[in-house]
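In: okay, sequence plus prediction incoming.
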Amino acid sequence: MTTEFALPTDAGIDRYSAVPMYDQLRQLILNLIEDGSLDPGDSLPGEHRLCELYGISRTVVRQALAQLQVEGVVERVKGKGTFVARPKVAESLVHTLSGLYDEVTSRGGHVHSDILRHERESADDEVARVLEIPAGSPVVVLERLRWVDGEPWSLTTTWMPDAAGTHTLGVDMSENSLYGVLADFGIAATSGVRSAEAVIASPEQAQLLQIASGSALMMLRSVSRDAKGAPMEHFVAYHRGDRSRFEFRLQNDGSSVSLSVVD
C-alpha cells in the first residue's frame, strides 16, 4: 500500500540561484529518496500541491518530474499520481552463465519459484534441434514463475536432456537453484549462447506477471553446454521490462557480438 509523503518546505527553492528551479526540485526529491525519507512506492504530492508548497509554476514541476521519470527514479501513473519507483535489478544474465537465482542471491535478494510444470515430455523439432538430440527424444521440462523479493519477475521454461533433467525430478525447485542441483551431480555449464529480444506480454503472461497485457518484456533465449560441449539445458525466459535492467560488459579484446535484425 502506497503512502503520500509531505515534502519539507524548509529547503525551499532559490529563485536567484544559477541552478534551474526544476533541477532544485529534482535534487530535493532525490535527497529524500537517498536518505530514506521516501521509500519505493511512496506517493509524491500532486503537481498543484507542489506548486503551492514551493511557489513555482506547473511547468517547473512537470520538468522536474519528467526528468526524474527519465532517470527511472519515479513512476507516473495516469489518473493516480507520481510514485517513487522500485529499483530495477541489474541482471548480467546475457553475458554470463549464471542464472537468476545466483544473480539475485549474490546481492542478498530472495528468489522463489512457482512450479507450473515439471515433467518428462517428448522433444519437439525445435527443442530437439537446440539440444542436438533426435526429435521425440525424452526431455525434462521445467516451467516456472520466478519471484524476486516477493514480486513476480519472469516466466521461464527450461528443457534438459533426460540424462541431466532426471536428476531434478522429485526435487523441490521452488527454492532451489537449477544450476546448483545439476552441479551436485557433476553437471555444470562451461559455455553457451544467449540472446535478448524485446517482446510484448500476451494476456496469459500478463496475468501471471501481474502487468497489463501488451507491456514490455525482455525475452532471453539460451543454450548451455557442459565440459564435453554437449547441450545440457535450453531455456526461454520472459522478464518484466519494468523490473529488470540487463547489463552488457564490453571490452576491446576481439570478442564477437552478433546482431540479428528481425523484420
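Out: All right, it came through fine. Numbers count the residues shown, from 1 in each chain.

In: helix, strand, or coil at the closest residue to residue 38 other than its chain neighbours?
Out: Setting aside the residues directly before and after it, residue 38 is nearest to residue 32 in space (C-beta to C-beta, 6 or more residues apart in numbering), at 4.4 Å. Quick note: C-beta positions are derived from backbone N, CA and C, even for glycine. In the three-state summary, residue 32 is assigned as helix, counting by DSSP: H, G, I helix; E, B strand; the rest coil.

In: what about residue 32, how many residues nearby?
Out: By the criterion of other C-beta atoms under 10 Å, residue 32 has 19 neighbours.

In: same deal with the one 4 residues further on?
Out: Residue 36 sits with 7 neighbouring residues when counted by other C-beta under 10 Å.

In: swap in residue 231?
Out: A total of 19 residues lie near residue 231 under the criterion other C-beta under 10 Å.

In: the residue nearest to it when sequence neighbours are not counted: what's it in contact with?
Out: On the basis of C-beta to C-beta, 6+ apart, the spatially nearest residue to residue 231 that is not a chain neighbour turns out to be residue 131, at 4.6 Å. Contacts were defined as C-beta atoms under 8 Å, 6 or more residues apart in numbering; by that measure residue 131 touches 123, 139, 159-161, 223, 231, 234.

In: same thing with residue 128?
Out: Contacts for residue 128 (C-beta under 8 Å, 6+ apart) come out as 134-137.

In: how is the chain partitioned into domains?
Out: The record assigns the chain these domain ranges, following automatic domain parsing: 21-84, 89-246.

In: mean pLDDT and distance to residue 12 added to those, as TSV?
Out: TSV is the format used below for the domains of the chain (pLDDT from 0 to 100; distance: least, C-beta to C-beta, whole Å):
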stretch	mean pLDDT	distance to residue 12
domain 21-84	88	7
domain 89-246	88	34
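
In: so which bits of the one helix or strand residue 28 maps to are buried?
Out: Secondary structure assigned from DSSP states H and E places residue 28 in helix 21-34. Judged by neighbour count (16 or more other C-beta atoms under 10 Å), helix 21-34 contains these buried residues: 21-22, 24-26, 28-30, 32-33.
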